[in-house]
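Participant: need coordinates for the following:
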Amino acid sequence: MARARIEIKSPADLARLMRQAKPAGGKPRGRSKYKAVKATYRGLSYDSRAEAAHAKWLDSEVAARRVLWWVKAPTFHLGCPENKYRPDFLVVVGTWQKRGDEFWFPVVTVYLDDVKGSETRKFKHDKKLWASYGPTTLRVVKLTLSYGRVDEHGLPSIRKVEYEIIEGGNR
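Facilitator: Numbers count the residues shown, from 1 in each chain. As a prediction, the model looks like this:
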């Protein structure tokens, strides 16, 4: 299974990618038609408990130094300004190498995670647009949660994770 990679060799390359993405703002949306329960993790509101559990998992990956950093809900324009798509997370992964007293990473991989319980017609359309215009790999994350156990944030533990990989067309 091939993954689209973006090689960032300079700060200008990262700036070019980040110009496409801007952080989400505004008020939380209303009640979900799929009856997803909104959750809060570390002061941020998420549309579902699965999204919040995925954010918690990303934090554990940052602590283990397998993920450099992540951003919640960036906005991308696919093809034209009217085609807005907002995945749940932008994730930056890199290899840490020691050079002198400083940590540095020559190449990082950027991908996007979108946590889904069910796929809507609009999302199926967005997947096709992503395959044509997306700048990097989109991972559709389907989580199976264990609601019997909750942590200190009130989030259930993740029991099973499945991924669908959608390669971006803008390589």
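Participant: pLDDT weak spots in the protein?
Facilitator: Applying pLDDT under 70 to the chain flags the ranges 1-7, 11, 14-33, 96-100, 102-107, 170-171.
Participant: quick one, helices of it?
Facilitator: 11-20, 49-63, 121-133 (DSSP state H).
Participant: most tightly surrounded among those helices?
Facilitator: Most buried of the helices of the chain, by mean neighbour count (mean count of other CB atoms under 10 Å): helix 49-63, with a mean of 19. In this view, the C-beta of every residue, glycine as well, is placed from N, C-alpha and C.
Participant: now for that one, which elements pack on it?
Facilitator: strand 39-41, strand 44-46, strand 69-72, strand 89-94, strand 108-115, strand 137-150, strand 156-166 (3 or more CB pairs under 8 Å, 6 or more residues apart in numbering; DSSP states H and E).
Participant: list the contacts of residue 155.
Facilitator: 39, 41, 49, 52, 53, 56 (CB atoms under 8 Å, 6 or more residues apart in numbering).
Participant: need these in CSV with distance to residue 143, can you?
Facilitator: CSV is the format used below for those (distance: CB to CB, whole Å):
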residue, distance to residue 143
39, 12
41, 14
49, 9
52, 11
53, 6
56, 11
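Participant: right, and out of those residues, which lies closest to residue 149?
Facilitator: residue 53 (11.5 Å; CB to CB).
Participant: my guess is that closest one contacts residue 153, does it?
Facilitator: No: Residue 53 lies out of contact with residue 153 (CB atoms under 8 Å); the separation is 9.1 Å.
Participant: what is in contact with those two at once?
Facilitator: With CB under 8 Å, 6+ apart, residue 53 and residue 153 have common neighbours residue 39.
Participant: can you tell me which residue is spatially central in the chain?
Facilitator: For the chain, residue 89 is the residue whose C-alpha lies nearest the centre (CA atoms, centre = their mean; 2.2 Å).
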